[in-house]
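Novice: Task: produce atomic coordinates for the following.
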Amino acid sequence: ERCSSATDPATNGPTPFTKELSAAVTKSNLDLAGNGERVLAFGEQIVKGLPADYAFETDDIKECNFPMQDFRFIGMLALEDPHRPEVPGAVNSCHNASIRVIMVTGDHPLTARSIASKINIVEPTGDLNKTTPVWDPKNPVMDDSKKGVVVTGDMLKDLTEEHWAYILTRPGIVFARTLPTQKKDIVERLQAPHDEGGFDEVCAVTGDGVNDSPALKAASVGIAMGTGAQVAHDASDLILKDDNFASIVDGIEEGRLIFSNLKKSIAYTLTSNIPEIIPFLAQIVLQIPLAMTTIMILCIDLGTDIVPAISFAYEFAESDIMSIPPRNRHKDLLVTGTLISWSYLQIGIIQALASFTTFFYSLEEDGFSNDTVLNDGLGFVWDKEDADIDDSSVCFTSSDTSSADGCATYSERTKSLRKAQTAFLAAIVICQIGCGCAAKTRLSSLLSHGFKNMAFNYGLFQEISLIVLLVYAPFLHTPFGTEDISGVCWAIALP
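Specialist: Predicted coordinates:
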């Protein structure tokens, strides 16, 4: 448009820049751009009569202080900036994870579309003019069969809400020839709530230049390239030191893994709360002996449970972690009703039932029938000396007592209670081992996931070792109030 002549390659002299020559240059430009190459056009202007120290104004094309017409066209230079080989695979990983990748660039629309097809942002198959057409503002066609679209920045101001809704719902989207403010507008529209006409999406924006800084600042997560401008670094939330898009995908996978592992650790930790609190409620309501002491609760919370709970931080990703859609950040919170229900109303209740079954079985082993334990209401005086009991007629009926009247002595009933409490403690630990294995995976099978997490394996070993020591090590019986228990008590909690 600014050239009136061109260089004749045969004579190296000027020749008129005819319509035919202009059409040939335009066709070559489109062919090169369509191949994904960046095209630079060169022209010269001979200006005479200016001093040697003349200051040329080049920042604003409208304020140039030298002639901007009648250039002599010299030629074109095509540059190919190949993408990193790992980028197409990373983009495919995003697609599999239902993460949309949108290209927003200052390149020519055909160049941008070609590059986008090579890295799988738009479908690389078929005729791109048909599958991913350039948006025509004079004849906007909203065809849902088109999987992609290319929109230039100068078209954005004329788009209606209906046009925006169509464009931003395409699987493959390319914005070309965009200005910094236009990049920011695109990001803000994607992030805006539904009631404000937006899409309520979380946007991560990558960039390396000054022109990208407004969009980096407006994005939910601004990611600047490590080799980018300082302005981009200052506007971003993260700096990608290796300038590799695939690292962003790795970060998304790691973030999903951390969130998933936190839910697993919380679910595991909460389950033991129910069997720990119910004994105190049962003593108050049913007036049965206390099935678990506070020191035993500390043995679980600060002893057997702590290493397995921490080990979930080192759990490996499930095989399908990058093939599930992103969670709904408004509903799928870290602690949800489903998690509470699983921990308290399902696993917690099961643990409480298993522990109380073991508790009552242990007492019955020592001659105290379930009828005596449940109906006599002796829970608050079970561990009192006979002399301290106000009612002298109280009898702790036992079929295995040395007393002639069939009433268990203080030493007999307290030892039996410690034994039953130890069985209750062991049952919780056994159930927690099963709970830990169940919490390792949320979607995959435990058999396919395996036990590759050595921290968790060590936690299981530590948990088993500690409970065995608490039960059978004589030097721990007095400080922790435990006693030896039979093998049947261990087996009851296994199912």
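Novice: From here on, just use CA atoms for contacts and neighbour counts.
Specialist: Fine.
Novice: what's the pLDDT at residue 438?
Specialist: Looking at residue 438, its pLDDT reads 93.
Novice: and if you look at the one 10 residues further on?
Specialist: Note for residue 448: predicted pLDDT of 87.
Novice: residues in contact with residue 65?
Specialist: 56, 57 (CA atoms under 8 Å, 6 or more residues apart in numbering).
Novice: Quick one: classify it as helix, strand or coil.
Specialist: Per DSSP: H, G, I helix; E, B strand; the rest coil, the local secondary structure of residue 65 is coil.
Novice: Residue 175 now?
Specialist: Classified using three-state DSSP, residue 175 is strand.
Novice: Residue 56 too?
Specialist: Per three-state DSSP, residue 56 ends up coil.
Novice: From here on, call the first residue 30.
Specialist: I'll keep to 30 as the first residue from here, and by that count the last item is residue 85.
Novice: Give me the phi and psi angles of the residue lying closest to residue 185 once chain neighbours are set aside.
Specialist: In this structure, residue 185 finds its nearest non-sequential neighbour in residue 211, 7.7 Å apart by CA to CA, 6 or more residues apart in numbering. Main-chain dihedrals, residue 211, degrees, to the nearest 10: phi -70, psi -40.
Novice: Point to the residue nearest the middle of this protein.
Specialist: Nearest residue to the geometric centre of the chain (CA atoms, centre = their mean): residue 285, 2.3 Å.
Novice: wouldn't that one be in contact with residue 353 here?
Specialist: No: if you go by CA atoms under 8 Å, residue 285 and residue 353 don't touch, sitting 10.2 Å apart.
Novice: State which strand of the chain is the longest.
Specialist: strand 100-108 (DSSP state E).
Novice: which element is the residue nearest to the centre of the chain on?
Specialist: helix 274-300 (DSSP states H and E).
Novice: Pull out the buried residues from that helix.
Specialist: Of all the residues in helix 274-300, those buried under the rule 16 or more other CA atoms under 10 Å are 274-278, 281-283, 285-287, 289-300.
Novice: Let me know the average pLDDT across the helix or strand just after that helix.
Specialist: Tracing the chain C-terminally past helix 274-300 and defining elements by DSSP H and E, one meets helix 302-315 next. In this model, helix 302-315 has an average pLDDT of 95.
Novice: Can you show me the helices along the stretch 130-279 of the chain?
Specialist: Along the stretch 130-279 of the chain, counting by DSSP state H, counting those that start in this stretch, helices occupy 138-147, 157-160, 190-196, 209-220, 242-247, 259-264, 274-300.
Novice: Same question for the stretch 330-479 of the chain.
Specialist: 335-340, 366-369, 378-394, 399-404, 439-468, 475-478.
Novice: sorry, back to before: can you list the helices and strands that the helix or strand that the longest strand of the chain is followed by packs against?
Specialist: Counting by DSSP H and E, the next helix or strand C-terminal to strand 100-108 is helix 116-125. Contacts defined by 3 or more CA pairs under 8 Å, 6 or more residues apart in numbering; DSSP states H and E place helix 116-125 against helix 274-300.
Novice: quick one, the helix it packs on and helix 439-468 angle?
Specialist: 160 degrees (axes from the mean of the first three to the mean of the last three CA atoms, to 10 degrees).
Novice: so what pLDDT did the closest residue to residue 85 other than its chain neighbours get?
Specialist: Closest residue to residue 85 apart from its sequence neighbours, by CA to CA, 6+ apart: residue 94 at 6.4 Å. You'll see residue 94 listed with a pLDDT of 87.
Novice: that older thread, and the residue lying closest to the residue nearest to the centre of the chain once chain neighbours are set aside, what's its pLDDT?
Specialist: Residue nearest to residue 285 in three dimensions, not counting chain neighbours: residue 350, with 7.3 Å by CA to CA, 6+ apart. pLDDT, residue 350: 85.
Novice: Check the model's average confidence along stretch 284-299 for me.
Specialist: 95.
Novice: coming back round to it: of all the helices of the stretch 330-479 of the chain, which one comes closest to residue 105?
Specialist: helix 475-478 (56.7 Å; CA to CA).
Novice: count of neighbours near the closest residue to residue 418 other than its chain neighbours?
Specialist: Once flanking residues are discounted, residue 418 sits nearest to residue 410: 6.8 Å by CA to CA, 6+ apart. When neighbours are defined as other CA atoms under 10 Å, residue 410 has 17 of them.
Novice: what's the pLDDT at the residue nearest to residue 185?
Specialist: Looking at residue 211, its pLDDT is 95.
Novice: isn't it right up against residue 181?
Specialist: No: using CA under 8 Å, residue 211 is not in contact with residue 181; the gap is 9.9 Å.
Novice: The two: which is more packed in?
Specialist: Neighbour count, other CA under 10 Å: between residue 211 and residue 181, residue 181 has more, with 23 against 20.
Novice: For the more buried one, list each beta-bridge partner.
Specialist: Beta bridges link residue 181 to residue 205, judged by DSSP bridges.
Novice: How about the closest residue to residue 268 other than its chain neighbours: which residues does it bridge to?
Specialist: Sequence neighbours aside, residue 253 is the residue nearest to residue 268 in space, at 4.8 Å (criterion: CA to CA, 6+ apart). Bridge pairing for residue 253 (DSSP bridges) gives the partners residue 236, residue 268.
Novice: Return the distance of residue 253 relative to residue 269.
Specialist: Taking CA to CA, to the nearest Å as the measure, residue 253 falls 6 Å from residue 269.
Novice: Among the two, which residue is more densely surrounded?
Specialist: residue 253 (29 against 19).
Novice: Now do the more buried one, the pLDDT please.
Specialist: Note for residue 253: predicted pLDDT of 95.
Novice: Enumerate every residue touching it.
Specialist: Residue 253 touches 235, 236, 237, 245, 261, 262, 265, 266, 267, 268, 269, counting by CA under 8 Å, 6+ apart.
Novice: Can you name the residues that contact the nearest residue to the fourth one once chain neighbours are set aside?
Specialist: Closest residue to residue 245 in three dimensions, ignoring its sequence neighbours and counting by CA to CA, 6+ apart: residue 251, at 4.4 Å. Applying CA under 8 Å, 6+ apart, we find residue 251 in contact with 233, 234, 235, 244, 245, 264, 265, 266, 267.
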